[in-house]
Every structure is written in C-alpha cells, then in structure tokens.
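Asker: no letters, just coordinates:
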C-alpha cells in the first residue's frame, strides 16, 4: 500500500469534544469520523486496525473448535417476548416497525436468535457440544454514548453461544473459551486480566470479565501479586486481617467538640486512621420482617461495600437510618455514634477487620465525645455478626491466599458466561439425550467487544506524540519514508525497492510517498503509531544505511540492509 | 475442517414454501434458515460460500485502487432530508426512533453518508480521485420479500462511491469499475452480461447492470451474437428490418367473421404472422395539449413496447382509447381496426418494421372484415410517424450492427452508475480545484449484491441432485469420503493422511468423518455441491487407487495418488 493512495487524513487540532486519549487520538489520526451520537464511520485507516483485531479473534475461535455463522441484525419482537426481555431489556433496545407494522429490534445480543436456530437445527445429543459464533454489527441505544467507539451505540462484536448435554460439558467449554480469550488478548499484545464477575440476577457462579488494563478504565480491579486471581474491587473478598491482640488501654471518653469524622478524630488524638472505627446506622429487617436497627462497623481507613452489606442476613433490603431512629436507639446525633452503651437494643455487624481490633476509637453516643481504648468483650459485647462488608485495599491478602492484592483500573472488552438453561427452557429448546428423552441443553455465551478493543488498546498504548500500536494491531508493521525524493531520484528508487522487498519478505510495509516535509511526515507516522519506521535519504544511501526507529524507542539507529531486515523480521 | 465438527445440517425434504431452485437448495443444504420474512441466518456452510464471494469482491476492489471503509448502518434522518429522499425513498426505508425520539433509518444505501464523509474529509482536488467502498449488511423493507436470499430484506452488499474533479475522470473510473466487475464475475466462474440500463429519473446515460444468466431470472435480456452488446429487452433498440418492396397484390377485403387477432386472421388466410399488422388505438395529446387519437401499428409477430412508445412525440402520456373514441374515429369495434379509411382524421405511428412492409393485412374498420394486399402510399398515406415502438426479438440485427440478437434471462447482481453532481450539490460538498475555486465533485456509485450472488450462482449451476458450485465459490474445493472406516482402520488412516496432504498441497479439502452410509454421504456431498469428491475404500487401498468424481461428471474414475494430486491441483 502507498499512503498517497490510501486517503490518510490526519488532523493537527485536538478535538474539543473528546475526553479520553483514545477518542482524541482516533479522531486526530482520522481513524473514525462521527456521523451522529454514538455512530462512527471507520475510515480506511481505522478499518485496517479493526480488521486486524477481528481476524485474530476469528482465527482463535476457529482454532478452539467454534463454527462461524451469521444471524440477522434485525430480530422479531415475538422471540424477545418468549424470554420476557422485550420490555425488560430496557431503553438500550432499539425498536422499529416495518411496513406491515410488525415490531422488530436491532439486535443488541443474540441469545434469542441462536436459541431459535438451535431448537430447529439441533435434534440429538449427537450434535452436541457445539459452539457457534459470529462477528457482527450490534446496536445498544446508550443513554449517554461517549468516549468515541469505547461506548458507541453501533459497535462490532464477536458473540458466541455453546450448547451442551450436561453442566460438566458446559464447564469444559467455558474453560476452553476462557483459555481462548487469554490467547486472543495475548496475541493482540495487550495487558489484560480475567476477573471474577458479578453474575447479577441470572445466577450461576461462573462468569469472568476480561479487562484491558488502563488508568482511564471505568472499572476498579484488584489482582494478586503472585497468582492469576483478579476481581472487580467491589466483588473481591477482604480476608480477615489477623488475630485480635489483648486489651492494653483503659476505656476513656475524649472530648471531640468538632471532630465528626474518623480522619478528624485520629488527627486530634494523634492516632493512625486504622485505629478508628466508622459506625453506620442502618435500618434492616429481622427474620420475621420487623424493622431492625443495625450499626455496621468498618475501620476508619476502609470503605463500606454496599453489595457485600446486602448479603448479611437482615440487611438484604437496608436503608440509612433517619436522625429520629438514631436518636431513639443511640441517644446521639451523627458524627458521634458508636456501639458502646446504646439507649435501646441494637444489632452490631462488624467488618472482619473491626472484629480483630483492640484499643480502638468509636463515637461515644454523646455529641462532642468519642471513646478511646475500646475493647470487645470488656467494654461492649462481641459483635452480633462478623462479615466481610468493606472494599479491599492495596496490600490486602489475596482471596486465594497467594500473595497480596494490588489495585488497577480496567476496560471491559470480553465476558464469558455460563447461562445454564434459562434461555433454552424459556424457548422450549430440547434435544434427545442418549436415552431418547427430551433434554434441555445447557448454554454458555461468550462476547468480545471488537471495536472497543481498538480504543482500549490505545488507552493502554500511547504517548504524547500518538498511538503506540502493539504489533498485532498496527495498520502496518513498518513504514518506508523518503527524504527529498524530488531532488534525488535515487532516493525514490531505493525506497520503492525497499518497500517492495520488505513486503516480499513478509514484513507488511507501507510506503509514505505523499511528498510531505520530514517533520510533518514523521509526526503523522508517530500519530498513527506504526511500530517500525525506516527512512531512506541521500546521505544514508551514500553510507549504505537506513535510518531505523522503533515507535517505542527514543533514538534512531543507522542499520545496513541485512541488519534492517533482521530487525524487522524478528 | 472435519464435517463432524462443522454442524452440517442437510434435509431430505423439499421445502414447500420455496419456488426457485436456489431457495429450495439453500434450505435443503442447510445454508440458510429463515428467522422471519426476508430475514435469514447464514449457517456455517452458507457463510463459507458468502465469505468466498466477499473475498473475491474485496480483492478485486483493492486491486482496482479502491479503499475500504465502514460506515454506520444506522443513519440520521437529517442527512436524508438534505437530499430530499427521507419521504421519496418510499416504503423500503426502514425507519426508527431512538430513546430521544430522534428519527433514523437502517441504511438501504449510503450516498448520503459517504457524501457527508466526503464534505468533511475532502478539501482539495489533490485528494481526488478517490473511490471508497464497504461490504456491509443493508436493509430494504421489500413489500414482498421472497426467493430466500435472492430478495431478502436484510442482505450483504458491496457499495462503492467515487469522487472526481471532472466528468472525464468520472468516466475513466466508471470504466475501471466496469472492468473490475467483469473480473469479479469472471473469477467467480459465472456466466454474466453487462447490459445498458435505464437511468430512470436520475439522468445521465452511463449506467450498466450486471446480470448473472439463468432461465429463472426476472429480467429479459437481449445480447449480440458477435459483440459484447447487451441490454434489457425493453430497452434494446429494434433496428429497421430492411427496404420496403414494391406492391404486388391488389387491395381486397376479406371476410373474417370471428377472427379478431392477427394469429387467427393469418391462420384463416394461410399467411405468415409477419404479413399482418396489429393496430392499437391510443389517446395522446398534440403539441397544444389537445386530445389526439393515435393508431400505433406493429407487426403481428411483434410486441408493442410501452417505454419506447412513450418517447414518441404526442404519446408521452398516452392511454388506450375507449370503445366510444374508437367508434368515433374508425367507425368499428376492436378486433377489426386498421389505418385505412378512418371515419375521422387520425394520426398513424408505424413501427419501423411496419413502415417497411408491403402487401400486408390490417383490420378493415368494419366488424367481420380485414383488408389484405394493403400498401403504403397507394391504399393509405405514408405513416405520420415511423419509430421504434416494439420489443426486439431473437434474430434482430444487434443495435451496434455487429451480429444478431439472442434473448436470455438474467438476475441483476451489480450496477455501476455515473451519479454526476446530484448528491454533492444537494449536500454542498465541494473541493478546491487547481485554480483555488470551490468545485462540486462528480460522483459515481457501484454496487454488488454479495448475498444475492450466492443464490444467482445456484440458479445458474445446479442439477437434480443439488448445487454445482463454480470452484471459486465452493465451500471447499474437495472432499475426502471414507467407506466403512469402522470396519477397516486402514481406511481411516489413509483418509486422514490424504485429507492432511491435500490441504498441505494447497487444495482446500474437507474430511467427511461423520460415519454415514455411502449413499447418504454421497447425497449430501452432491447436494452441497463440492466440486471434487475422493473416496477412500478398502478395495481402493488394495489396488493403490482412489475413486475420484468431479461434481459435473457422470462417472467415477480410479486414480493413483499422483494422478489425483495432478487433477486436484490443476
């Protein structure tokens, strides 16, 4: 390919509407152009990268034994009513009526269509297991489409669906797909993590999200220093932090006239924040359904986790207590609350870390005062319940007890999921098992956001000058640039020959024959992120060398032809 | 690929809802499955063929210098209002509202989006010429979707759009695309013709349709025996058929009591049908707009062409005359009309063939009578107008005067079109020309119905047993079948080795390891149309041969390994 014939269209201006680096750089590099909110045209440059990702996904899915098909984008309402999702899916479902007033939607996902396909195509256990996949344009009518193709409404997705005669076989294919996804993201050259995911209302424990790591990621992740454990911060278990030591201090009331937060109290007393305890007053319900006043305790340096809290018996549907409820149970106002000497009976739920504390600080249930030197069993009863109700923090023991946790941020680009029999049951999809009995197959589904990967890769791989593509996603592996070709016909000739020879040697190379000045040419090449740049100049030709620079490198090197080919072929 | 892992799902039953052979065979072969009216899932087998077509199209478009991009399928109403097509496009446009009640359509074509892209991306003549293309799913809400993917609502299309500084350059690229289309259909192994097309209301004379030839085709085509001239029958010009010879017969009235058609009169008189003339009574308008009674004359063996008739001055907006109007002008009833001795002044428009006749037969304007031995100039005045107002017939001189015309039927699968400046002007797309002046670029558009090609190829290439794919479109080039592999492990071993070796030799081969009986296995293989079948059996192994059969051939041959590889590699 010659750049003069490729319609490369970069821009020097930084687009004002873009917040994320990937969005800015894709617009500057001319990879995408906005048509309307959440709708983008992929330019020739953008499409080249998108196709590279698509091809890696396709090759690995094929290698994993999945078979590709192509389902319609437009789906009839009737199917979505069978699974009760026509209304439930919500506003993201783009609905339309055809000329006969029949309702359809633009498919945001294809569980219904593939299950309909399966109930007609699959008759016997002999046809199982089977994993179908497609790579297709989908639509989700996002409330706030943003960040360019990171959260577009129309997007390219690989979605796969597997069918199994048993849960065990579903588990096997789930692992196969998990491994396949690891291979895909590794081949793409991305730093990623597979994290345990919240399976939400669908049930079943087996679900992993695949995240590309990037500081700008929307999701906070925790991962182990020593194992492949990783999870969303909100879902990672906080293990007990050690044994409670014996009481060393006496209980004492301290004056804290304006100190209403743990931070302020710790500062006043000259103590570490980890010596203080936050008391959060909640209203839950007892086993009989009667209102229950609960004081939830977490360490001053920890953050309460609502998802975990809702798993504690009695707190499934909790709310914050009102000031009147607090006054009635504790006889105090917020800012000075604590579990010691409540006015009325209360239930105390302590985080594991709090249950392991001694000589700690809590509110005194008296405005303007806190208690220090508090100890369980001596100054107040042992907690009614001890549970994991906080977010993990950097340095916590990894839940798999291998290493400690570190935190990072990620962009979700893939999801593997054991669906079980939810869709097959709803849509009456059965196959005959070995005994001739109709059996509902177990299903798995496996998605990859192909277009989002392009943006996520840029978030992870860029610098002040532009994109730094991983080799597998780069539009070309190498570029040949010419200095002053009009002045020096030998330069053109040598560049053309080098361009031809590199491609013949299997190095996907583009020729920059646009005739730009070197500065503008190099700026474009860095912006669009081609991994290897080779410059042909009159001076180089005299000395028999080419100027080579890797996109990642600070400096250029002068290489002779053999060294250059060795470098680019490795 | 092993068929056991491919989810091949053929059917023995002929689907009742399918009329066309391609629709029947695609359902029987399990290439497609209907989801709803005009919406089809492409199974793994169907998708393999679709991708083959797609890849040939892509390679030839790339080789022709076009650059691929990808535009959104969902398009905002505002763009379509700029070109005044939001309403005008009609019911085929599938419209929808997003969650903010903004209107969009599912793109049936992309002139608006590409012109919007161009007006932002193209600033200077230096960026021209450029041809963009995409291969994308489109939607047209057909009134009556039918014939499977031949006329589906959701379909795969290659659409291309070119931009030019001058009409001359548009003409050059038009020729380039025309040649590219010829290469595409030739590579696909299809019998096709490029035909001059009616440019309809858009204007401009340069437009060609590409038709795959098939007896079931919707369009009737005429083509030259000796040149590449081809046109829709309704558009092909009928040249004059020769000189009028001198009168030899006397005018005479003949009794034709019940003979109201040329066929009946010719039979009664023992004359050839080509000696008779049909008189069609029409009402047109004269230059001043006053009603004008016109008698249009075509030879008894010819068919009047409405499109051509409407080009005759006075007949731009004609209708059939009423019986009262006929009575008033000719004094007769239909079945016995003619141009001789009308009751009132009439205008006579003769087809070129009729103007060249002598001693012919017409109605006598007297119920129950015709006139024979009629001659222009002697029995009636020369016609008021002589024009081409009939359909061409087999054997007519080709309009380019090279050879004679033959007729066939075709399926339109491609269209190249010089759009001119219609869209660019409507959407205010300009570039700076060499003098620095804003100039509206000329545009061309070039479409190929990728999914329709699959069906059209089957219409052209099938027999009673199934599909006969051209090599370039076949799901695989060859299949290796095994006879009684369970009985004879040597068969499995030899088949596996052959399968591996053929693929290694570059022959795309599938292994039929499904364990079917030979009859069922061979029936499937013929149905899905694999061009080359190789059978590995115990008997063959003993004699050192494989049983080979081409899909086209009647008989099998026993070939040794070398001969087999030579045959399959050629």
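Answerer: Cool, the structure landed. Quantities reported herein were computed from a predicted structural model and do not represent experimental measurements. Numbers count the residues shown, from 1 in each chain, chains lettered A, B, ... in the order given.
Asker: so for the residue in the stretch 151-300 of chain A that chain B sits nearest to, what's the pLDDT?
Answerer: Of all residues in the stretch 151-300 of chain A, residue A:154 sits closest to chain B, at 5.1 Å by Cβ to the nearest Cβ. Every C-beta, even on glycine, is put in place using the N, C-alpha and C of the backbone. Turning to residue A:154, the model gives it a pLDDT of 98.
Asker: what about it, how many residues nearby?
Answerer: The local packing of residue A:154 (other Cβ atoms under 10 Å in any protein chain shown) involves 24 other residues.
Asker: and for residue A:499?
Answerer: Neighbours around residue A:499, by other Cβ under 10 Å: 24.
Asker: ditto for residue A:514
Answerer: Residue A:514 has 17 neighbouring residues, counting by other Cβ under 10 Å.
Asker: ok, residue A:215 next?
Answerer: A count of nearby residues for residue A:215, using other Cβ under 10 Å, gives 10.
Asker: before we move on, the earlier item: list the contacts for the residue of the stretch 151-300 of chain A closest to chain B?
Answerer: Going by Cβ atoms under 8 Å, 6 or more residues apart in numbering or on different chains, residue A:154 touches A:38-40, A:137-139, B:72-74.
Asker: which among these end up buried?
Answerer: Neighbour counting with 16 or more other Cβ atoms under 10 Å in any protein chain shown marks A:38-40, A:137-139, B:72-74 as buried within the contacts of residue A:154.
Asker: now, which of these sits nearest residue B:405?
Answerer: The closest of these to residue B:405 turns out to be residue B:73 (Cβ to Cβ; 41.8 Å).
Asker: for the closest one, which non-adjacent residue is spatially closest?
Answerer: Nearest residue to residue B:73, sequence neighbours excluded (Cβ to Cβ, 6 or more residues apart in numbering or on different chains): residue B:107, at 5.3 Å.
Asker: contacting residues around the one you found?
Answerer: B:71-75, B:113, B:136, B:138-139.
Asker: among these, which are in strands?
Answerer: Among those, the members found in strands (DSSP state E) are B:74-75, B:136, B:138-139.
Asker: nearest to residue B:117, of those?
Answerer: Once Cβ to Cβ is applied, the member of the ones in strands among the contacts of residue B:107 that ends up nearest residue B:117 is residue B:75, at 11.7 Å.
Asker: any idea how far the residue lying closest to residue A:477 once chain neighbours are set aside lies from residue A:306?
Answerer: Distance criterion Cβ to Cβ, 6+ apart; nearest residue to residue A:477, sequence neighbours excluded, is residue A:508 at 4.6 Å. As for residue A:508, its distance to residue A:306 is 50 Å (criterion: Cβ to Cβ, to the nearest Å).
Asker: cool, and residue A:549?
Answerer: On the measure of Cβ to Cβ, residue A:549 and residue A:306 end up 51 Å apart.
Asker: higher neighbour count, the two?
Answerer: More neighbours surround residue A:549 than the other of residue A:549 and residue A:306, with 17 against 12 (other Cβ under 10 Å).
Asker: residue contacts, that one?
Answerer: Residue A:549 touches A:532-533, A:535, A:555-557, counting by Cβ under 8 Å, 6+ apart.
Asker: now the residues you listed: which count as buried?
Answerer: With neighbours counted by 16+ other Cβ under 10 Å, these contain buried members at A:532-533, A:535.
Asker: and of those residues, the nearest to residue B:51?
Answerer: residue A:532 (31.1 Å).
Asker: flag every residue of the stretch 151-300 of chain A that's near chain B.
Answerer: A:153-154 (Cβ under 8 Å from any Cβ of the partner chain).
Asker: quick one, strands of the stretch 151-300 of chain A?
Answerer: A:154-164, A:192-196, A:207-213, A:219-224, A:230-232, A:252-255, A:277-285, A:291-299 (DSSP state E, counting those that start in this stretch).
Asker: could those go into CSV alongside distance to residue B:231?
Answerer: Output for the strands of the stretch 151-300 of chain A, formatted as CSV (distance: least, Cβ to Cβ, whole Å):
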stretch, distance to residue B:231
strand A:154-164, 40
strand A:192-196, 59
strand A:207-213, 56
strand A:219-224, 62
strand A:230-232, 66
strand A:252-255, 101
strand A:277-285, 82
strand A:291-299, 83
